[in-house]
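Enquirer: Sharing a sequence plus its predicted fold:
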Amino acid sequence: MTNAAAATRPQRAEGRAHLAAKTLDGRTRLQELYQEGAAKIRLPDTFDSSMEAVIINTAGGLTGGDRMNWSVVAGPGARIDVTTQACEKIYKASAGTAEVNTSITVGASARVDWLPQETILFDRSSLFRRLEVDIEDDAEFLAVEAILLGRKAMGEAVDTGLFRDRWRIRKAGRLCHAEGLQMQGNVASLAGADAVLGGKVAFATVLYVGPRAEAYLGAVRPLLDGHMGGASSWAGKLIVRLSAPDGFALRKILIPIISTLRNGAPVPKVWNL
């Protein structure tokens, strides 16, 4: 390999997409749509007044140095369900860290359900993910983020790597929820600790912010019986933490919880159990 070839920076995936919606004639309608690079958004037909948005990374996964930016704005009274075409795979990073930044704005009396499918971390992957959400006082927001430390059925395992996740949720301009997660270095040893995942390789966080948080709690807790997880509600929000032996087991728990928090509506069609 020549010195020039060795110094050539590998091509990295980059993408940016923005979606804004408004209400018109009782339905949620497209107001703005912008797509750049590997980031795409598709809007399948729906049979009610809401909008479903499917975000797509056409690069087919992320590795060190890749950058993806998503932005969603729901105008007053709008209803948007946002999901992904498939699970996002984070591959081994030879250098650098993949970054995914998501910004969501939920207007007055609007609702956004952020329902991406699982993120799959591969051994020696490196990912930094940020979620920034601004919600009006009478709006509703539901977020689901699930992580798989490799695919158990494929014989995959994560020994080392980096995963950082940062959430900042603001309601009426004031911070109402903040959390940060970091798994770095010997991920297998960390996940094996009883106080962390107890050897399980699939976990998820579900967050609902809105006026029904306390009412939902009584319906969600029975769904957790027999599983490693818990649910709490305070200050107008509901948080569910889950872990499972593998991705399939996690979905079997997640889907009923998501449906309950969507007033009985199913998960988006692109989800397959």
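Expert: Looks like it arrived, so ask away.

Enquirer: use CA for all of it now, contacts and neighbours both
Expert: Will do.

Enquirer: Disregarding residues adjacent in the polypeptide, which is nearest to residue 136?
Expert: In this structure, residue 136 finds its nearest non-sequential neighbour in residue 172, 4.8 Å apart by C-alpha to C-alpha, 6 or more residues apart in numbering.

Enquirer: Tell me how far the one you found lies from residue 107.
Expert: 10 Å (C-alpha to C-alpha, to the nearest Å).

Enquirer: neighbour-wise, which of the two wins?
Expert: Ranked by neighbour count (other C-alpha atoms under 10 Å), residue 172 and residue 107 place residue 107 first, with 24 against 14.

Enquirer: Please look at residue 167 and residue 180 and confirm they touch.
Expert: Yes. The criterion here is C-alpha atoms under 8 Å, and residue 167 meets it with residue 180 at 6.4 Å.

Enquirer: Which one's more surrounded, the two?
Expert: residue 167 (16 against 11).

Enquirer: For that one, what are phi and psi?
Expert: phi -120, psi 140 (degrees, to the nearest 10).

Enquirer: Please name the nearest non-neighbouring residue to it.
Expert: Going by C-alpha to C-alpha, 6+ apart, residue 167 has residue 131 as its nearest residue, at 4.8 Å.

Enquirer: And for the one you found, the neighbour number?
Expert: So residue 131, with other C-alpha under 10 Å, has 17 neighbours.

Enquirer: so who does it touch?
Expert: Contact analysis of residue 131 by C-alpha atoms under 8 Å, 6 or more residues apart in numbering lists 101, 102, 103, 104, 166, 167, 168, 169.

Enquirer: Could you provide these in JSON lines, with additional columns for distance to residue 262?
Expert: Converted to JSON lines, the contacts of residue 131 look like this (distance: C-alpha to C-alpha, whole Å):
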{"residue": "101", "distance to residue 262": "25"}
{"residue": "102", "distance to residue 262": "21"}
{"residue": "103", "distance to residue 262": "21"}
{"residue": "104", "distance to residue 262": "18"}
{"residue": "166", "distance to residue 262": "24"}
{"residue": "167", "distance to residue 262": "21"}
{"residue": "168", "distance to residue 262": "22"}
{"residue": "169", "distance to residue 262": "19"}
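
Enquirer: Helices of this protein, start to end?
Expert: Counting by DSSP state H, the chain has helices at residues 3-7, 187-192, 213-220, 247-261.

Enquirer: Show me what the second one is in contact with.
Expert: By that I understand helix 187-192. 158, 159, 160, 161, 162, 183, 196, 197, 198, 199, 200, 201.

Enquirer: again with the third one
Expert: Contact with helix 213-220 is made by 231, 232, 233, 234, 236, 237, 238, 257, 260, 261, as judged by C-alpha under 8 Å, 6+ apart.

Enquirer: again, only using 7 Å
Expert: Identification of contacts with helix 213-220 by C-alpha atoms under 7 Å, 6 or more residues apart in numbering yields 233, 236, 237, 238, 257, 261.

Enquirer: dump the residue contacts of the fourth one.
Expert: With C-alpha under 7 Å, 6+ apart as the criterion, the residues that contact residue 238 are 207, 208, 209, 213, 217, 232.

Enquirer: now do the fifth one
Expert: Each residue near residue 257 by C-alpha under 7 Å, 6+ apart is listed here: 220, 223.

Enquirer: give me that answer again for 10 Å
Expert: Counting by C-alpha atoms under 10 Å, 6 or more residues apart in numbering, residue 257 touches 206, 216, 219, 220, 221, 222, 223, 224, 240, 251, 264, 267.

Enquirer: Separate out the buried members of the residues you listed.
Expert: When the contacts of residue 257 are checked for burial by 16 or more other C-alpha atoms under 10 Å, the buried set is 206, 216, 220, 223, 224, 240, 251, 267.

Enquirer: Am I right that the first one is in contact with residue 147?
Expert: Think residue 206. No. At 11.8 Å, residue 206 and residue 147 do not qualify as touching, with contact defined as C-alpha atoms under 10 Å.

Enquirer: Return the alpha-carbon coordinates of stretch 232-240 using CSV.
Expert: Taking C-alpha atoms only, stretch 232-240 is exported to CSV below (Å, rounded to 0.1, in the frame of the first residue of the first chain):
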residue,chain,number,x,y,z
SER,A,232,-42.5,4.2,37.5
SER,A,233,-44.5,7.3,37.1
TRP,A,234,-44.0,10.8,38.5
ALA,A,235,-44.2,14.4,37.5
GLY,A,236,-46.2,13.7,34.4
LYS,A,237,-44.0,11.0,32.9
LEU,A,238,-43.9,7.2,32.8
ILE,A,239,-40.6,5.2,32.5
VAL,A,240,-40.2,1.5,31.8
